[in-house]
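Colleague: need a structure here:
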Amino acid sequence: MESKGVIYFAYCATNPELEKDEEKWKAIRKLYPNAAIIDPQKINGQSYYKVRIFGCDIVIVSEIDEKITADVHDEISEAFSHQVPVFVIRETGKSFSFYEVLDLISIEDEEGVFRYAKIIVKGPDGAGKPEIDRKLLTDPFTI
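Modeller: Residues are numbered from 1 along each chain as shown. So this is what the prediction gives:
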């Protein structure tokens with residue numbers, strides 16, 4: 001039986017531009033038509049995402065104004081701890097591109113309380129390519 005690949009899509013459910021995340025869902029589905037895509041907003045219980053990320057081939061992340069929330073930060077950290085590759089999907093004009101996430105920078109307020117995080121991506125232009133299984137990839141890479 002051919003592996004379908006499993007993608008965990010991390011996004012903020014309270015994003016005021018949630019329709020952008022729906023467009024990103026479509027772009028991911030177009031790139032990986034046979035993959036199982038996990039929606040963390042449909043998972044009951046905060047710790048359950050740890051089990052789901054561990055079993056994924058990649059994690060794809062959505063930002064809000066080039067920032068991520070505490071929950072998305074935790075999901076990325078969990079993926080890093082299990083060596084699961086993480087990519088951020090960003091709008092590039094009228095399409096979307098994927099960039100490999102290398103690190104996170106947490107921004108805190110004066111009292112040390114987490115406010116948001118910024119994503120550090122790979123390379124001078126940030127170009128990365130999500131790899132699950134070459135059979136799942138379609139061209140062109142940018143959707």
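Colleague: and the longest strand anywhere in the chain, what does it pack onto?
Modeller: Looking across the chain with DSSP state E, the single longest strand is strand 95-108. Judged by 3 or more CB pairs under 8 Å, 6 or more residues apart in numbering; DSSP states H and E, strand 95-108 is in contact with helix 18-31, helix 70-81, strand 86-92, strand 114-121. (C-beta placed from N, C-alpha, C; glycine too.)
Colleague: Output the ones you listed in CSV; the columns should cover distance to residue 64, mean neighbour count and mean pLDDT.
Modeller: CSV is the format used below for these (distance: least, CB to CB, whole Å; neighbours: other CB atoms under 10 Å; pLDDT from 0 to 100):
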stretch, distance to residue 64, mean neighbour count, mean pLDDT
helix 18-31, 9, 16, 83
helix 70-81, 9, 19, 91
strand 86-92, 12, 20, 89
strand 114-121, 8, 17, 86
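Colleague: For those, could you give me CSV that also reports distance to residue 53?
Modeller: Shown next, in CSV, are the helices and strands packed on strand 95-108 (distance: least, CB to CB, whole Å):
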stretch, distance to residue 53
helix 18-31, 16
helix 70-81, 5
strand 86-92, 9
strand 114-121, 16
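Colleague: The residue lying closest to residue 66 once chain neighbours are set aside pairs with what?
Modeller: Of all residues not flanking residue 66 in the chain, residue 118 sits nearest, at 6.7 Å (CB to CB, 6 or more residues apart in numbering). For residue 118, the beta-bridge partners are residue 105 (DSSP bridges).
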